[in-house]
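[1] Just a sequence and a predicted model for now, questions to come.
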Amino acid sequence: MDSAVVSPRVNGPDVRGPGAIRRAELAGFLRSRRERISPEEVGLPLAGRRRTPGLRREEVAQLAGVGVTWYTWLEQGRDIRASEQVLRAIAGTLRLDPYECSHLFALAGAPEPAAYQECAAVSPAIHAILAKLAPMPAVVQNARTDILAYNRSYNWLMEIDDLPFSERNSLLQCFTNPAWRARLHNWEQRMPVAVAEFRAQMTEHVAEPSWKALVKRLREASSEFEVLWTQHEVQPMRNHAKQFRHRDAGLLSFDFTHLWLGQRSQLRLTTYTPADTATASALEACAFPE
């Protein structure tokens with residue numbers, strides 16, 4: 001059974017230092033988020049009567065790919081350091097939203113990842129534009145292909161709501177998520193272009209930990225990405241045509257257009273314009289049924 005986090009207080013004012021207070025807050029936050037997730041939600045079987053609500057510590061550690069002892073120490077408020085990659089894994093396991101992710105990183109004393117900062121930087125005006133573009137799918141991404149904002153039609157097309165925030169990266173999903181691969185028509189022809197565009201975008205970010213961590217994860221998880229990455233191909237980002245196979249609407253064809261949000265911004269809004277009447281009709285009928 002999970003042990004309680006002991007707060008080293010004395011009668012009267014809290015005499016702990018700022019670091020100890022922050023770690024205690026982190027411990028309580030992690031425990032509260034762990035307890036709200038049921039085993040069924042993360043695909044774990046129920047095995048007998050459970051003494052604690054939600055997930056156990058060892059289950060969180062297993063799902064996040066970290067050591068049980070290490071995670072237990074983190075939840076006990078011990079003075080240990082967590083890398084960005086580990087915090088991302090924990091955030092994904094606990095299904096934290098962008099605001100909760102930012103809170104997690106702040107409590108852990110780690111710099112907030114650029115993707116979380118950029119997500120918060122997507123203005124209400126951009127969200128309004130995304131909504132108005134429907135039924136045309138539209139999405140906002142950064143140079144690293146993190147998905148920062150999207151409209152209802154894009155969610156219908158790609159089912160982003162089902163992904164933990166820390167996993168919302170289109171290149172990662174293309175190479176590690178079989179459902180995405182099945183959805184992308186001509187995957188084998190499209191992926192060399194996507195990797196070449198990504199490598200070109202990485203030129204200005206080669207020393208940044210978040211970029212290096214993404215490449216490392218992709219190279220370890222996908223032999224196909226590894227082959228393409230070692231070819232060192234680069235391409236500028238261009239507007240293309242894309243086709244998708246949707247489980248309800250069948251084959252859909254789009255012309256997509258990148259629109260950069262500022263003179264020097266690396267955030268881009270991509271619109272998917274139906275390339276034929278069948279795709280336009282499917283969007284109207286399926287994405288926005290009466």
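    Now that the structure is in, tell me what you want to look at.

[2] so how far is Leu63 from Thr72?
    Thr72 sits 15 Å away from Leu63, going by Cβ to Cβ, to the nearest Å. C-beta coordinates here come from the backbone N, C-alpha and C atoms, glycine included.

[3] Go ahead and confirm Lys235 touches Ala200.
    Not Lys; residue 235 is Gln. Yes: between Gln235 and Ala200 there is a contact under Cβ atoms under 8 Å: 6.1 Å.

[4] Grab the nearest non-local neighbour of Arg190.
    Once flanking residues are discounted, Arg190 sits nearest to Leu184: 6.3 Å by Cβ to Cβ, 6 or more residues apart in numbering.

[5] Please list all residues in contact with the closest residue to His240 other than its chain neighbours.
    In this structure, His240 finds its nearest non-sequential neighbour in Phe256, 6.3 Å apart by Cβ to Cβ, 6+ apart. Counting by Cβ atoms under 8 Å, 6 or more residues apart in numbering, Phe256 touches 239-242, 270-273.

[6] With Leu94 instead?
    30, 33-34, 37, 60, 100.

[7] now do Ala89
    By Cβ under 8 Å, 6+ apart, the residues touching Ala89 are 64-66, 166.

[8] Roughly how far does it sit from Thr257?
    Relative to Thr257, and taking Cβ to Cβ, Ala89 is found at 34 Å.

[9] Adjacent strands (with direction) for the host helix or strand of the residue nearest to His240?
    Under the criterion DSSP states H and E, the helix or strand holding Phe256 is strand 250-260. Sheet pairing for strand 250-260, assigned by DSSP bridges, gives strand 240-246 (antiparallel), strand 268-274 (antiparallel).

[10] With respect to Ser123, which of the ones you listed lies nearest?
    strand 268-274 (11.5 Å; Cβ to Cβ).

[11] after the closest one comes which helix or strand?
    Next element after strand 268-274 (DSSP H and E): helix 277-282.

[12] Run through who's touching that next one.
    Counting by Cβ under 8 Å, 6+ apart, residues outside helix 277-282 touching it are 246, 249-250, 252-254, 274.

[13] How about stretch 208-228?
    Stretch 208-228 is contacted by residues 84-85, 88, 113-115, 144, 169, 171-172, 175-176, 191-192, 195-196, 202, 205-206, 229 when judged by Cβ under 8 Å, 6+ apart.

[14] Kindly provide the whole-number mean pLDDT of it.
    Averaging pLDDT along stretch 208-228 gives 91.

[15] Name the residues of it that come out as buried.
    Neighbour-count burial for stretch 208-228 flags 210-211, 214-215, 217-218, 222, 224-225, 228 (criterion: 16 or more other Cβ atoms under 10 Å).

[16] Turn those residues into JSON lines, columns for distance to Asp79 and secondary structure.
    Below are those laid out as JSON lines (distance: Cβ to Cβ, whole Å; DSSP: H, G, I helix; E, B strand; the rest coil):
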{"residue": "Ser210", "distance to Asp79": "25", "secondary structure": "helix"}
{"residue": "Trp211", "distance to Asp79": "29", "secondary structure": "helix"}
{"residue": "Leu214", "distance to Asp79": "29", "secondary structure": "helix"}
{"residue": "Val215", "distance to Asp79": "31", "secondary structure": "helix"}
{"residue": "Arg217", "distance to Asp79": "28", "secondary structure": "helix"}
{"residue": "Leu218", "distance to Asp79": "33", "secondary structure": "helix"}
{"residue": "Ser222", "distance to Asp79": "36", "secondary structure": "coil"}
{"residue": "Glu224", "distance to Asp79": "41", "secondary structure": "helix"}
{"residue": "Phe225", "distance to Asp79": "37", "secondary structure": "helix"}
{"residue": "Leu228", "distance to Asp79": "42", "secondary structure": "helix"}
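
[17] Out of the residues you listed, which is nearest to Trp180?
    Distances from Trp180 to these, taken as Cβ to Cβ, are shortest for Ser222 (12.0 Å).
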